[in-house]
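>>> Here is my input, please return the structure:
(2 chains)
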Amino acid sequence: MKKEAEALKTQIEAARKAACDTDMASAASGVAPAPRVQLKTRRTLKGHLAKIYAMHWSTDNKLMVSASQDGKLLIWDSHSGNKVNAVPLKSSWVMTCAYAPSGNLVASGGLDNMCTVYNLKTPVIKTVKELDAHTGYLSCARFLSDTEILTSSGDTTCALWDLETGKQKTVFLNHVGDCMCLALSPDMNSFVSGACDSLAKLWDIRDGQCKQTFQGHTSDINAISFYPSGNAIITGSDDCTCKMYDLRADQEVIGYQDAALNSGVTSLALSVSGRLVFAGYDDFNCNIWDSLKGEKVGVLSGHDNRVSCTGVPVDGMCVCTGSWDSFLKIWN
Amino acid sequence: MTINTLSQDGVQRQQMPCLTKMERMIISMQDPDMGIKLRNQRLLITVIPHAMTGIDIVEWLIKKFSISDEEALHIGQLFVKYGYIYPLKEPRNLILKADDSPYRFQTPYYWMSTRWPASELDYAIYLAKKNIRKQGELIEYEKECYNALHKRINHTWDFVVMQAREQLRASKQRRKADRIVLECQEQAYWLVTRPPPGTLDNIDYGPERRTMNTRVQLNAEFYKKEIEHNRISLARNRVKSSICLESYVKYCEQYQPHDPIMQGCLPSNPWITDDIMFWNMNSEVVAVPTKLRVECWSFSFMELLNDPMGRKEFLTYLEKEFSAENLCFWQACEDVRHGETSKIPEKVDEVYKQFLSPGASRWVNIDSKTMEKTLEGLKHPHRFVLDDAQMHIYFLMKKDSYPRYLKSELYKNLLARAIVPQETKKSVFPFMRRQRHSSPSPALATQTGEDDGKAKNSNSVKSNSGTASRL
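Next up is the predicted model:
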């Protein structure tokens, strides 16, 4: 049976090749090269006492939440540099955090296998729910609204939760390795997840099925993001490359790699037009790629340790990088 | 997260480039002619040879690399953090002080690159030595580690104790000064690789990974599902690459003016000038919107609907056309889809009364087939029961009302009234809007967008270090 599955896979590859009648290099040949991007650090947010593992912008473009293994979630007003709130966590082994689009809730999760949701609008920050059903660590969480949240876990599943009841509404099963990251599509009807089995999968939120699978990476996929038009996804992996997959053509269209780069990608973010890809690496830098040309157009260096998370706010004004050196830097 | 195939090597791969750079610098610092002048430093009663002061290090770095004070201090800190230089006075405090506190170079035997990773056995021997040498010399956390190691590697404990004794005996035969130096070096090494709990661990390389994931069984059941999945996947419709790629190029071009990082923004980027005019001008409710914002509504229907102001304008237009109930219906459906589960039945009921029931005040025009299906589903309301109807109305608006709106007087007037904000004047640095050019002089950057193609791709990628930081 394994052979049958393999045979089908080769057939799919053939069909993909047939649809691939041109490559990105020729399609983008008419585009002017992106200018060298030199971004400067505009803010350094100091306040965490240990490695920062995750950060997420709020939709109001000024507030953001960051999670660190000193056991705290800090809410920053990044423009002024002030800490608006500090949420103490029950378990300090946090791996992800998320800000709800409404700005009312934040979530965190990690090695405790639970996703904890906090309400920021009450006079004292309260825990709204503890979502406890995963049997593995929580690697990523994203809010769909104030009532629904998506999580990906080390137990190889992703789940959609109802925040009112605290139960899982849908469980997405198909990955063979720990799910490391997820990203919501702009139209909120589907999401993609990347896992340690080096595959990225597209899921339909409504019926819980895996619609498409993308392969090509040779190691764990650590970061994933949708292209702003919603027609493509970009993934970053431990094999030191990033790849862009088109959802309609069902295949990889371009890869972002450099022989000189020797460290894995930990995080990804895209600029508003989708032209620039900001990828954080283990070698303490964040490289900026031109998504159409596939060339490196800039570097953000300034951290003293691995860059663990990157984020671009909705208005695309700047990039924020968080690192294991316990600082967050805002670049523009 | 290390790579499966090369667990030990993989770790080295990540940190090695930085460490080799550091080590090159350290070697040049120790150069007898050009390096830092080392003297004998007095520590309590003993004299430690070949030591230097903190200020020596900072000054040497400034002179050699022509950098600022702050940057030299920062680089020096990195050396101390990674264990290449260790402090003599307060060994547990791994920072560089730019004064006359004494520091010393760590011997290459204890460099990060040569002894990686630090083995548990070595740590056990070190703690055992400390314990034997002077009872009660171990600090709290060291005692805990010692006990934990004792439990974990109990089978080789005899070996550990024997090694510890041997090493102590060998060291007793050395001169006192040498012995103290070696002890200092060893202690410094372990302070860096096994920091006390609560302090930042500088060389941590993340959790070790299992190579085999035992959660999913690769059995017949699994392969059946795989085959099914692959069959469906094979049958799917694939769009030609050229079409897809064309769309990305178009998208990037269309949105480039809206991308502040690519193209700057007016009146000014709040992060650079600290002027929050941009955010004020683009807030949700504003008397006169900016031109870029209004133009964005013409890119796609979703853009119009996502902007609250856009929705308001569109609603005004629809009211003139007597089809405002479509937008209201769409909004009500969105509310059902994303709202609280407990409120779904009552919300759906409301929607039915207002929009779907025959003779409703704001009846929406859905085709009979969809209407039948929706009414059937209303008997058992769930979150997605109104999806088909919503989709129908959405496409109705998109194909009919939306294009007409874009051609309408209302939209055109708004576009004409929309403001292009004045660029706020900057004082000293002539930061022009298109500062992303690699043109040599900022004063020359008054050209328009055509220069993108002519931009000189200078090979010097000036990577800005984090010294320009502000809180």
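>>> my guess is residue A:215 contacts residue A:197, does it?
No: look at residue A:215 against residue A:197 with Cβ atoms under 8 Å: they stay out of range, at 9.1 Å. C-betas here are computed from N, CA, C, even on glycine.
>>> Comparing those two, which residue is more hemmed in?
Under the neighbour definition other Cβ atoms under 10 Å in any protein chain shown, residue A:215 and residue A:197 were set side by side, and residue A:197 has more, 21 against 17.
>>> shouldn't the more buried one be in contact with residue A:176?
Yes: Residue A:197 lies in contact with residue A:176 (Cβ under 8 Å); the separation is 4.2 Å.
>>> so what pLDDT did the residue of chain B most remote from its centre get?
In chain B, the residue that sits farthest from the middle, by Cα atoms, centre = their mean, is residue B:359; the gap is 55.0 Å. You'll see residue B:359 listed with a pLDDT of 79.
>>> Ok, residue A:225 next?
Here the pLDDT value assigned to residue A:225 is 94.
>>> Secondary structure element for it, which one?
For residue A:225, the host element (DSSP states H and E) is strand A:221-226.
>>> which element follows that strand toward the C-terminus?
Heading C-terminal from strand A:221-226, the first helix or strand you meet, by DSSP H and E, is strand A:232-237.
>>> Relative to that next one, what are the paired strands and their orientations?
strand A:221-226 (antiparallel), strand A:242-246 (antiparallel) (DSSP bridges).
>>> Redo these as CSV? Include mean neighbour count.
CSV is the format used below for these (neighbours: other Cβ atoms under 10 Å in any protein chain shown):
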stretch, mean neighbour count
strand A:221-226, 26
strand A:242-246, 24
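>>> I figured residue A:299 was touching residue A:289, is that so?
No: Residue A:299 lies out of contact with residue A:289 (Cβ under 8 Å); the separation is 10.6 Å.
>>> With neighbour numbers in mind, choose between these two.
Between residue A:299 and residue A:289, residue A:289 has the larger neighbour count (other Cβ under 10 Å), namely 27 against 18.
>>> if I pick the more buried one, what's in contact with it?
For residue A:289, the contacting residues are A:242, A:256, A:276, A:277, A:279, A:295, A:296, A:297, by Cβ atoms under 8 Å, 6 or more residues apart in numbering or on different chains.
>>> burial of the third one, as a residue count?
Neighbouring residues of residue A:276 were enumerated by other Cβ under 10 Å; the total is 26.
>>> looking at this, residue B:287 is in a helix?
No: counting by DSSP: H, G, I helix; E, B strand; the rest coil, residue B:287 is located in no helix; its state is coil.
>>> Stretch A:147-157 vs chain B: in contact?
Yes: shown here: stretch A:147-157 in contact with chain B (Cβ under 8 Å from any Cβ of the partner chain) through A:147, A:148, A:155, A:156.
>>> quick one: residue B:405 and residue B:316 touch, right?
No: between residue B:405 and residue B:316 there is no contact under Cβ under 8 Å: 9.8 Å.
>>> Could you check which of these two has the larger neighbour count?
Between residue B:405 and residue B:316, counted using other Cβ under 10 Å, the more crowded position is residue B:405 (22 against 12).
>>> which SS class is the more buried one?
helix.
>>> name the element the residue lying closest to it once chain neighbours are set aside belongs to?
When the adjacent residues along the chain are set aside, residue B:405 lies closest to residue B:317, with 5.0 Å between them (Cβ to Cβ, 6 or more residues apart in numbering or on different chains). Residue B:317 belongs to helix B:308-321 when assigned by DSSP H and E.
>>> tell me which residues of that helix are tucked away?
B:309, B:310, B:311, B:313, B:314, B:317, B:318 (16 or more other Cβ atoms under 10 Å in any protein chain shown).
>>> any idea how far the third one lies from chain A?
Okay, so that is residue B:311. Going from residue B:311 to chain A by Cβ to the nearest Cβ, to the nearest Å gives 16 Å.
>>> isn't that residue right next to residue B:327, touching?
Yes: with contact defined as Cβ under 8 Å, residue B:311 and residue B:327 form a contacting pair (7.2 Å).
>>> Give me the phi and psi for residue B:362.
Backbone geometry at residue B:362, expressed as degrees, to the nearest 10, gives phi -130, psi 70.
>>> how deep is it tucked in, by neighbour count?
Other residues near residue B:362 number 14, with proximity taken as other Cβ under 10 Å.
>>> Would you mind measuring from the closest residue in space to it that isn't next to it in sequence to chain A?
With Cβ to Cβ, 6+ apart as the criterion, residue B:362 has its nearest non-adjacent residue at 3.7 Å, and that residue is residue B:325. Distance from residue B:325 to chain A, counting by Cβ to the nearest Cβ: 23 Å.
>>> where in the chain is pLDDT low?
If you meant another chain, say so; for now it's chain A. Within chain A, the ranges that satisfy pLDDT under 70 run A:1, A:5, A:12, A:15-34.
>>> try chain B instead
Within chain B, the stretches falling below the threshold (pLDDT under 70) are B:1-18, B:33-34, B:41-48, B:113-117, B:135-136, B:198-219, B:266-267, B:424-471.
>>> Run through the strands of it in chain order.
B:39-43, B:46-53, B:85-87, B:102-105 (DSSP state E).
>>> mind putting those in a markdown table, distance to chain A and mean neighbour count included?
As requested, the strands of chain B are arranged in a markdown table below (distance: least, Cβ to the nearest Cβ, whole Å; neighbours: other Cβ atoms under 10 Å in any protein chain shown):
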| stretch | distance to chain A | mean neighbour count |
| --- | --- | --- |
| strand B:39-43 | 28 | 14 |
| strand B:46-53 | 23 | 16 |
| strand B:85-87 | 15 | 22 |
| strand B:102-105 | 19 | 20 |
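>>> out of these, nearest to residue A:45?
Comparing these by their distance to residue A:45 (Cβ to Cβ), the top pick is strand B:85-87, with 28.2 Å.
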